[in-house]
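> how would this look folded up:
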Amino acid sequence: MVFIFDQDTFRQMSSYHWFASEPHLKIEEVSLFMSAIFSPEVARTKSVNAIRLRDLDTFEEFFWLLEQSAPLFHAVVAEVNGATTIEQWKDALNAIQIRYPLLSASIRKTPGQRPFFEKVQGVSMPLRITPLTDSLVLEEEMEKELQQPFGDGSGPLTRATLFHAPDHCVVMFATHHSSLDGKSHLLLVQDLLASVAGEDLGKPLEVQPGLGQLLGSPTPAEYGKKLEGKSVAPEDGVPVEMPQVSAQRLQLSVEESEALLKRAREEGTTVHAALVAALTLAGKRYSEKWNVGPVRCVSPIDMRKTLNIPDAVGMLVSLHHGSVLTPDGALFWDIARTVREDMLPAQSAEGARHLLGAQSSMISDELSARDLYWSVLNGPLVHELMVTNYAGYKVRTEYGDLKIDNLFTGSPSIIPALQKVSVLTVNGRLGMTLVARDMFPTLLEDAREILARA
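Here you go, the predicted structure:
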């Protein structure tokens, strides 16, 4: 039997690594692949040589549904100095795919049942390789990457880009938020560079249980109500139209970073709380809505320390949601201390269980992606600012003759006006990355000025 494809179809098929690498597929395998392209609902229920890994947890299903309306996945960019070859990077990328089972996994959904992670034999993480040039602007590359959604997750959940020059490289990962959180991305970069440097990564990791299971929360029950039909995608499969993503970075000097840490400790608070206070006050300069208030801020909370699993990989964060109080005449450090105290309950296991309980109620029924999107936009979790701080992650920057010069991370939002700031200290310098669709262009510089005065 002969199959004839037009150029667009062949290009789409060729983007699947397993198709390009298997020239002698059986007819029924090709037929299933064709149905996955032209009838996506078939792909959700059946795969070739598929292994079911586990069901999505509450928070994971929440992100899976939202990603189908607007991208909110995560990206990390690492700038690396040192001589390497493309083959070294390819070998290292193969090694981390063996170590991390969810990198090339997919998400499937059977009508009426909870979605689940699935591994299909022969499917690998997509890799794009391009020359590294002097004209490359890292923020622009992140912006381009963050505008390519993962949709329903039926393809690989992570993709990689390598910008290569003989003595200098940039590597970028983008990952569906249901499978990995930001800390997982940083561990991924660490293992990638260790492998490039010739280090042994050890045994493959087991698929990490979901946060709810680790916290002892009830397993998500069967849906109370089920959708009619087979699709959970937005109406007509069209995502919500959103403004383009913009990214901006700012780094403090080593001296500024050390002074901020020292002063926060002296004032009985944290760098994170000081950053939230500074960014809130900076936003009030720009936005009348923020100035009227209240400004609601979300802070993701890494639960690994609480669960005693420091190097676990998965979606292992809880959230704190609260208003940042900035009454007239309030002193900066008083605002920061209040932020810290307000966050304490959410940092406990009980606080995380409370959040998961609220999320479970939102997906107790089988929803369309668009239904969940609008319920979030009009629900109690709406916020104007998000600050993700990786202060607990001690960035390893040297791997043999290789060294990380820059490392930053960020993700877009389903709320156009939301200002999302990711904070990471590398080589002693605290860096902030702002990602937004309707960006406050001076937010980071104004926050730096406020911190300097404080």
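> could you report the neighbour count for residue 226?
Residue 226 has 12 neighbours, counted by other C-beta atoms under 10 Å. From N, CA and C alone the C-beta is placed, and that goes for glycine too.
> helices along the stretch 1-150 of the chain, start to end?
For the stretch 1-150 of the chain, the helices defined by DSSP state H, counting those that start in this stretch occupy 7-14, 17-20, 27-38, 40-43, 58-67, 86-99, 138-145.
> now do the next helix or strand along the chain from the last one, average pLDDT.
Pointing back at helix 138-145 there. Reading on from helix 138-145 to the C-terminus, the next helix or strand found by DSSP states H and E is strand 158-165. Averaging pLDDT along strand 158-165 yields 97.
> break this structure into its domains for me.
As given by automatic domain parsing, the domain ranges for the chain are 7-31+41-237, 246-453.
> ranking those domains by mean pLDDT, which is last?
domain 7-31+41-237 has the lowest average pLDDT among these, namely a mean of 85.
> tell me the gap between that one and the middle of its chain.
Centre-to-centre, domain 7-31+41-237 and its host chain are 11 Å apart (C-alpha atoms, centre = their mean, to the nearest Å).
> go on, stretch 340-353?
Mean C-alpha position of stretch 340-353 versus that of the full chain (C-alpha atoms, centre = their mean) differs by 22 Å.
> list the buried residues of it.
340, 342, 343, 346, 347, 351, 352, 353 (16 or more other C-beta atoms under 10 Å).
> how much space between the last one and residue 400?
This points to residue 353. Per C-beta to C-beta, to the nearest Å, residue 353 is found 43 Å from residue 400.
> same deal with residue 227?
On the measure of C-beta to C-beta, residue 227 and residue 400 end up 53 Å apart.
> cool, residue 119 as well?
Distance, residue 119 to residue 400, using C-beta to C-beta: 32 Å.
> tell me which of those two has more neighbours.
Neighbour count, other C-beta under 10 Å: between residue 119 and residue 400, residue 119 has more, with 18 against 12.
> on that earlier part again, can you put the buried residues of stretch 340-353 in TSV and add secondary structure?
Output for the buried residues of stretch 340-353, formatted as TSV (DSSP: H, G, I helix; E, B strand; the rest coil):
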residue	secondary structure
340	helix
342	helix
343	helix
346	helix
347	helix
351	helix
352	helix
353	helix
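> and the residue most central in space within the chain, what are its bridge partners?
A centroid search over the chain (C-alpha atoms, centre = their mean) returns residue 74, at 2.5 Å, as the residue closest to the centre. Here residue 74 sits in beta bridges with residue 175, going by DSSP bridges.
> next: residue 246.
Bridge pairing for residue 246 - DSSP bridges - gives residue 436.
> which residues in the stretch 301-450 of the chain form strands?
With strands called from DSSP state E, counting those that start in this stretch, the stretch 301-450 of the chain shows them at 317-324, 385-389, 398-399, 402-410, 419-426, 429-436.
> closest to residue 85 out of those?
Nearest of the strands of the stretch 301-450 of the chain to residue 85, taken as C-beta to C-beta: strand 402-410 at 12.4 Å.
> paired strands for that closest one, with orientation please.
Counting by DSSP bridges, strand 402-410 is paired with strand 74-81 (antiparallel), strand 398-399 (antiparallel).
> out of these, flag the one nearest residue 432.
Nearest of the strands paired with strand 402-410 (C-beta to C-beta): strand 74-81, 14.1 Å.
> check which residues of that closest one are buried.
Buried, per 16+ other C-beta under 10 Å, within strand 74-81: 74, 75, 76, 77, 78, 79, 80.
> where's the first one relative to residue 95, distance?
Distance, residue 74 to residue 95, using C-beta to C-beta: 21 Å.
> please apply the same query to the fifth one.
Going from residue 78 to residue 95 by C-beta to C-beta gives 16 Å.
> next: the third one.
The span separating residue 76 from residue 95 equals 18 Å under the rule C-beta to C-beta.
> check residue 154 too.
Applying C-beta to C-beta to residue 154 and residue 95 gives a distance of 25 Å.
> and if you look at residue 110?
For residue 110 relative to residue 95 (C-beta to C-beta), the value is 33 Å.
> settle it for me: which of those two has more neighbours?
Legend: neighbour count by other C-beta under 10 Å for residue 110 and residue 95, higher for residue 95 (19 against 12).
> got a list of what that one touches?
191, 195, 201 (C-beta atoms under 8 Å, 6 or more residues apart in numbering).
> is the first one in a helix, a strand, or coil?
Same thing as residue 191. helix.
> again with the last one
In three-state terms, and counting by three-state DSSP, residue 201 is coil.
> may I have the phi/psi pair for it?
Dihedral pair for residue 201: phi -80, psi -10, per degrees, to the nearest 10.
> is it true that it touches residue 191?
Yes: between residue 201 and residue 191 there is a contact under C-beta atoms under 8 Å: 5.5 Å.
> tell me, what's touching these two both at once?
95, 96, 99.
> so the second one versus residue 188, what's the distance?
Meaning residue 96. 6 Å.
> shared neighbours of the two, which are they?
residue 103.
> let me see the ranges of the helices in the stretch 251-400 of the chain.
254-266, 271-286, 288-292, 304-307, 332-343, 349-362, 369-377.
> let me know which of those is tucked in deepest.
helix 271-286 (a mean of 24; mean count of other C-beta atoms under 10 Å).
> and the angle from it to strand 429-436?
In terms of direction (axes from the mean of the first three to the mean of the last three C-alpha atoms, to 10 degrees), helix 271-286 departs from strand 429-436 by 50 degrees.
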